[in-house]
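Peer 1: Give me the fold of what follows.
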Amino acid sequence: MAIENNQVVSIEYDLTEKDQTEVLDSNIGHAPLEFITGKSQIIPGLESQLMALSAGDEQSITVPAAEAYGEVNPEAEDTLPAEQFAGLELKEGMQLYGQGENGETVMVTVKSFNDENVTIDYNHPLAGKDLTFNVKILDVRDATPDEVLSGQVGGSESCDSGCGCH
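Peer 2: Below you'll find the model as predicted:
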């Protein structure tokens, strides 16, 4: 039976660039990735292709860049004064975390730098890349009403019972 919206899906995966062998990310041998379908919790191209599968299925899924982390936006760069990076040992390609305009955490990549300026790139490191996920669906279940409301697997359970979440 195919996966539907508002279900909790647990997957095991490894990720490579299309037609490459180097594994960029994997949770094999670790905790499964759990998400609620229809809540935009994983990249759209992967979620849409997973919806046709069922628990126990294994599949290699290729997701085009536009349905993954998007195409590279050449305007998503900024040049900032080097003093804003004082105390950091900068390297081209290194990833840094900062705060966006609305207080959210943003990841940037150092593109280039000199004594006066640092050019940073706001594109996701996988932007512009077609990705291949080798996926095994470990479990599929209906989300609880709390999970559907909160958008989080496990919902908004009370922890009065000493479940160790504090």
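Peer 1: Centre of the chain to the helix or strand of the chain with the lowest mean pLDDT, how far?
Peer 2: Using mean pLDDT, DSSP states H and E, strand 95-99 stands out as the lowest-scoring helix or strand of the chain, at a mean of 88. Centre-to-centre, strand 95-99 and its host chain are 16 Å apart (C-alpha atoms, centre = their mean, to the nearest Å).
Peer 1: Which is the succeeding secondary structure element to it?
Peer 2: Next helix or strand after strand 95-99 toward the C-terminus (DSSP states H and E): strand 105-113.
Peer 1: Does anything pack onto the next helix or strand after that next one? Which helices or strands?
Peer 2: Sequence order places strand 117-121 as the next helix or strand after strand 105-113, per DSSP H and E. Applying 3 or more C-beta pairs under 8 Å, 6 or more residues apart in numbering; DSSP states H and E, one finds that strand 117-121 contacts strand 77-81, strand 105-113. The way it works is simple: take the backbone N, C-alpha and C, and place the C-beta from them, glycine included.
Peer 1: What are the buried residues along strand 117-121?
Peer 2: V118, T119, I120, D121 (16 or more other C-beta atoms under 10 Å).
Peer 1: Looking at the residues you listed, which is nearest N6?
Peer 2: D121 (36.1 Å; C-beta to C-beta).
Peer 1: surely that closest one meets E75?
Peer 2: No. The pair D121 / E75 is not scored as a contact, 10.6 Å apart, by C-beta atoms under 8 Å.
Peer 1: right, so the helices and strands packed on strand 117-121: which one is the most enclosed?
Peer 2: strand 105-113 (a mean of 16; mean count of other C-beta atoms under 10 Å).
Peer 1: picking that back up, so which of the helices and strands packed on strand 117-121 is nearest S48?
Peer 2: Using C-beta to C-beta, the helices and strands packed on strand 117-121 put strand 105-113 closest to S48, at 24.6 Å.
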